[in-house]
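Attaching a predicted model along with its sequence, questions to come.
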Amino acid sequence: MAPEHRSFAPRLTRRRLLTAGAATAGAVLVGAAGTSAATAAGTEKTRPAVIRLPNGFRPEGITIGGGPYAYLGSLGDGSIYRADLRTGEGGIISAGPGTPSVGLKLDHRGRLFVAGRGQGARVVDARTGEILASYVLTTATPTFANDVFLTPRTAWFTDSYQPALYALPLGRHGELPDAQDVVRITLSGDWSQVPGEVVNANGITRTPDGSALLVVQSGVGGLHRVHPRTGVTQRVDLGDAAPLTNGDGLLLIGRTLYVVQNRQNAIDVFRLAADGRSGVFRRRITDPLFDVPTTVAAYRGRLYLPNARFTTTPTPETTYDVISVPA
């Protein structure tokens, strides 16, 4: 059966969603315990605030595991770059297939799950750079696999051009699924898809209590709570907060949600209800070095954002970097 006709969703319990943090957003704080205040302060001073990337790299997604390394994907040829957050040094760990890498997430097994825009998704060994598996998420057109979020038993992908999420169900011990096991969950409820090649679903994470998913709809600036089995959505009540126009990457730490708004050169910060049905705006983070940041990851109290520079015509000599700001 073709992937887009699968109507069921993988069984996701609240506990499985709730424990997603260790390999994704929550992993950013692993290793902080036991560090003396003096050592932490020294590390903070030595970590670079700007990490230079290769000219022409065109970054979009970023992910950080428990160690001091960030992984970034290229919108150009799809290569994966690893940067040492302590020194700013780095290099290509996986040569691209010639198609874009957009959002990506690292699991605790050292595997990178990569959204490949119109090419579906692939899984890359972060140690060797080997492509472990590739997936056609849908045969519908147009399609734009944009971002990815990991729970212990599922890799979730957004599609910016289709009203759907795609789930890769993982085995009990993290085994990757077969190509035909991709599950499509159609978005319904409050979701209203803008037709054509317009960016709809973009960044994805979970609710603080792990009971549902959160997806930002970029073009209309809305944040949606998504039931992971049915796809029924409810627009999150953010009170009088301005629309999340050009909402891109999402990062949840505890009950604090960071929403990157790329062309606004800003991150809006919210305090969410445990079930994710509502939230309160807390503050906006900006920095003069932001140049259309797209996604965000965190490590030891700091946020890291790649400058995609969408308002700059890309050339082989165009400069790119990652900007770090306090969380």
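That came in fine, so what should we check first? Residues are numbered from 1 along each chain as shown.

My guess is residue 258 contacts residue 271. True?
No. The criterion here is CB atoms under 8 Å, and residue 258 misses it with residue 271 at 11.3 Å. To be clear about C-beta, it is placed using only N, CA and C from the backbone, and glycine gets the same treatment.

What ranges in the chain fall below the confidence cut-off?
Within the chain, the segments meeting pLDDT under 70 span 1-46.

where along it do the helices fall?
14-18, 37-46 (DSSP state H).

can you count the residues close to residue 197?
10 (other CB atoms under 10 Å).

give me every residue that touches the nearest residue to it once chain neighbours are set aside.
Nearest non-adjacent residue to residue 197, counting by CB to CB, 6 or more residues apart in numbering: residue 142, 5.4 Å away. Each residue near residue 142 by CB atoms under 8 Å, 6 or more residues apart in numbering is listed here: 118, 161, 162, 196, 197.

can I get the CA coordinates of stretch 277-286 in CSV?
C-alpha atoms of stretch 277-286 as CSV (Å, rounded to 0.1, in the frame of the first residue of the first chain):
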residue,chain,number,x,y,z
ARG,A,277,-3.6,24.2,24.6
SER,A,278,-2.6,27.7,25.7
GLY,A,279,0.4,29.9,26.3
VAL,A,280,1.5,33.3,27.5
PHE,A,281,4.0,35.5,25.7
ARG,A,282,7.1,36.2,27.9
ARG,A,283,9.6,38.0,25.7
ARG,A,284,11.3,38.4,22.3
ILE,A,285,14.9,37.6,21.7
THR,A,286,16.7,39.5,19.0
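
Find out how far it is from the centre of the chain, if you would.
When distances are taken as CA atoms, centre = their mean, to the nearest Å, stretch 277-286 is centred 18 Å away from the chain's centroid.

Mind listing what's buried along that stretch?
279, 285 (16 or more other CB atoms under 10 Å).

Give me the contacts around it.
Counting by CB under 8 Å, 6+ apart, 223, 225, 234, 236-241, 256-258, 265-273, 303, 325 sit against stretch 277-286.

let's see it at 7 Å
225, 234, 236-239, 241, 257, 265-273, 325 (CB atoms under 7 Å, 6 or more residues apart in numbering).

what sits against the closest residue in space to residue 327 that isn't next to it in sequence?
Closest residue to residue 327 apart from its sequence neighbours, by CB to CB, 6+ apart: residue 303 at 4.9 Å. Listed by CB under 7 Å, 6+ apart, the contact set of residue 303 reads 258, 296, 324, 325, 327.
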